[in-house]
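A.B. asks: structure here, sequence nowhere to be found:
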């Protein structure tokens, strides 16, 4: 934990409160334990959970738009970034949507162990999932920008923002979405990622926000 806290300070990220530190540590332990039986994260990154996964998700926190009350994580997998956001933002309702039953079972178990009252797990295909529209939609290592926008249209409202951690070809994905008129009337902000994939290089946190009417 001390190494993680030092990384947060190095990158100017807010430190978790003591109770949140306990939750983050417990989540890391649960992830390592369950990953031995279920392929939750890549085996090559299992030895670097804190930086490759927890820090990679944690860095989304300062980019969250002000005033949001609900967040949807599509293809949540191991609960990244949704569980990290739920721990650090207890004032926001976080939903993790995951079609894989085994992964959804892990997320549900983590929710129970971490006592996350603001966290909901939906074991569902995002294309058929029905819920009230969300203020923010995110997805990590799930699909292209175009695919995410298309698959989540029914779960967005006029002011829904998208915060998407993307790899080195993030600009190509944005160009493709623009060519399909999927990002009309939206402003794009690209924030350099502080973590780097061993296979995809350093990417960007892409924030898409609807223009004010």
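C.D. replies: That came in fine, so what should we check first? Just so it is clear, the model here is predicted, and its values are computed rather than measured.
A.B. asks: use CA for all of it now, contacts and neighbours both
C.D. replies: Will do.
A.B. asks: residue contacts, the spatially most central residue of the chain?
C.D. replies: For the chain, the residue nearest the mean C-alpha position is residue 81 (3.0 Å; C-alpha atoms, centre = their mean). By C-alpha atoms under 8 Å, 6 or more residues apart in numbering, residue 81 lies in contact with 54, 57-58, 73, 139-140.
A.B. asks: now distance to residue 160 too, for those residues, in JSON lines please.
C.D. replies: Formatted as JSON lines, the contacts of residue 81 follow (distance: C-alpha to C-alpha, whole Å):
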{"residue": "54", "distance to residue 160": "25"}
{"residue": "57", "distance to residue 160": "20"}
{"residue": "58", "distance to residue 160": "21"}
{"residue": "73", "distance to residue 160": "13"}
{"residue": "139", "distance to residue 160": "14"}
{"residue": "140", "distance to residue 160": "17"}
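A.B. asks: of those - the most surrounded one?
C.D. replies: Counting neighbours by other C-alpha atoms under 10 Å, residue 73 comes out on top of these with 27 neighbours.
A.B. asks: that one in helix, strand or coil?
C.D. replies: Assigned by DSSP: H, G, I helix; E, B strand; the rest coil, the conformation of residue 73 is strand.
A.B. asks: residues contacting it?
C.D. replies: 81-82, 94-97, 137-139.
A.B. asks: spatially nearest residue to residue 114 (excluding sequence neighbours)?
C.D. replies: residue 23 (5.9 Å; C-alpha to C-alpha, 6 or more residues apart in numbering).
A.B. asks: what is the neighbour count of that neighbour?
C.D. replies: 22.
A.B. asks: same deal with residue 202?
C.D. replies: Neighbour tally, residue 202, other C-alpha under 10 Å: 16.
A.B. asks: what's the spacing between it and residue 169?
C.D. replies: 10 Å (C-alpha to C-alpha, to the nearest Å).
A.B. asks: for residue 151, same thing?
C.D. replies: 20 Å.
A.B. asks: and residue 19, by the same measure?
C.D. replies: Taking C-alpha to C-alpha, one finds residue 19 at 37 Å from residue 169.
A.B. asks: please say which of the two ends up with more neighbours.
C.D. replies: The residue with more neighbours, out of residue 19 and residue 169, is residue 169; 14 against 9, by other C-alpha under 10 Å.
A.B. asks: element containing the residue nearest to that one when sequence neighbours are not counted, please.
C.D. replies: Spatially, and ignoring its direct neighbours in sequence, residue 169 is nearest to residue 203 (7.6 Å; C-alpha to C-alpha, 6+ apart). Under the criterion of DSSP states H and E, residue 203 resides in strand 201-210.
A.B. asks: what does residue 163 give?
C.D. replies: strand 156-166.
A.B. asks: which strands or helices does the helix or strand hosting residue 3 pack on?
C.D. replies: Assigned by DSSP H and E, residue 3 belongs to helix 2-10. Helices and strands touching helix 2-10, as assessed by 3 or more C-alpha pairs under 8 Å, 6 or more residues apart in numbering; DSSP states H and E, are absent.
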